[in-house]
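In: generate coordinates for the sequence data below:
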Amino acid sequence: MNTSAPMSTMENLLTHLSPGYVEILGSISVQAIYLLFGLIIESLRPAYKSLTTRKMITHSIRNHIVATLLHVAYVVSRNGKSVLTHTFITPYTYPSWTEIIRDLAIGLLLRDVVFWVIHRVWHLPGVYDMVHAKHHEVLEPGNYHVWTISYMSMVDFVFLYGAPVVLIVKMMEMNIVTTLLFAFVSAAGEQVKLGWGDERHDEHHKLKDVNFGTYGVVDWVCGTAGQAGEKEE
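Out: This next block holds a predicted model:
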């Protein structure tokens, strides 16, 4: 009689796919849910006069597609090895709720730090025009569709939105499940803030020299919080 416990969904996946391809499936799923979540936010947010163009939406979606293809190319070149995390062990163990909450809290705080540093670099003379200027074509973020968060150059998209998540996940060695939750919460949080008004983001696009972080903590510590940030403290 077979007394072994049934395999978990993750273990079952890993018997058929290499860890890197499991990561790709997870990444595609997170991005699909993120885009769907954006449509839900749009249906719930207060009425506004949208300045979004079809070109902006197309460009935003293209960034997601190209970034995914880069992920696929890297995994293929590494013969299916994982990119984001090395927690694929046999037997695979799901993270506890305590681990998930702890890692998400630390990860989001670290994301504010990494995002702030990269964003400051993007605003250096010369770098700004080459990398970040396209995103600042959106002058009043609150008047645009939430998908325009991804409206930027490909280099900008990969390093400003992708790199902070990847670096933090690898540094903390997050479980793959926590990794996918972290990626979604990081991205969807931006949609929620934009959907119901984000004065920090609006002020950054207007002045360009304040509010470089994601949540305002690092801006407050480093003295780059604008008037909108000061009002919220």
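In: where does this protein have low pLDDT?
Out: When residues are selected by pLDDT under 70, those of the chain lie in 1-7, 85-91, 228-233.
In: leaving out chain neighbours, which residue sits closest to the most centrally placed residue in the chain?
Out: Centroid check for the chain by C-alpha atoms, centre = their mean gives A187 as the closest residue, at 4.0 Å. Among residues not flanking A187 along the chain, Y34 sits closest, at 4.9 Å (C-beta to C-beta, 6 or more residues apart in numbering). Placement of C-beta: from N, CA and C, glycine included.
In: run the chain-centre distance for whichever strand or helix holds that neighbour.
Out: Using DSSP states H and E, Y34 falls within helix 19-44. Centroid separation for helix 19-44 versus its chain: 11 Å, with C-alpha atoms, centre = their mean, to the nearest Å.
In: by contact count, what packs against it?
Out: In terms of contacts (3 or more C-beta pairs under 8 Å, 6 or more residues apart in numbering; DSSP states H and E), helix 19-44 is packed against helix 9-16, helix 54-77, helix 176-195.
In: same thing but 6 Å
Out: helix 54-77, helix 176-195 (3 or more C-beta pairs under 6 Å, 6 or more residues apart in numbering; DSSP states H and E).
In: other residues contacting the first one?
Out: I take that to be helix 54-77. 20, 24, 31, 83, 147-148, 150-151, 154, 157-158 (C-beta atoms under 6 Å, 6 or more residues apart in numbering).
In: circling back to that earlier point, give me the neighbour count for the residue nearest to A187.
Out: For Y34, the count of nearby residues is 21 (other C-beta atoms under 10 Å).
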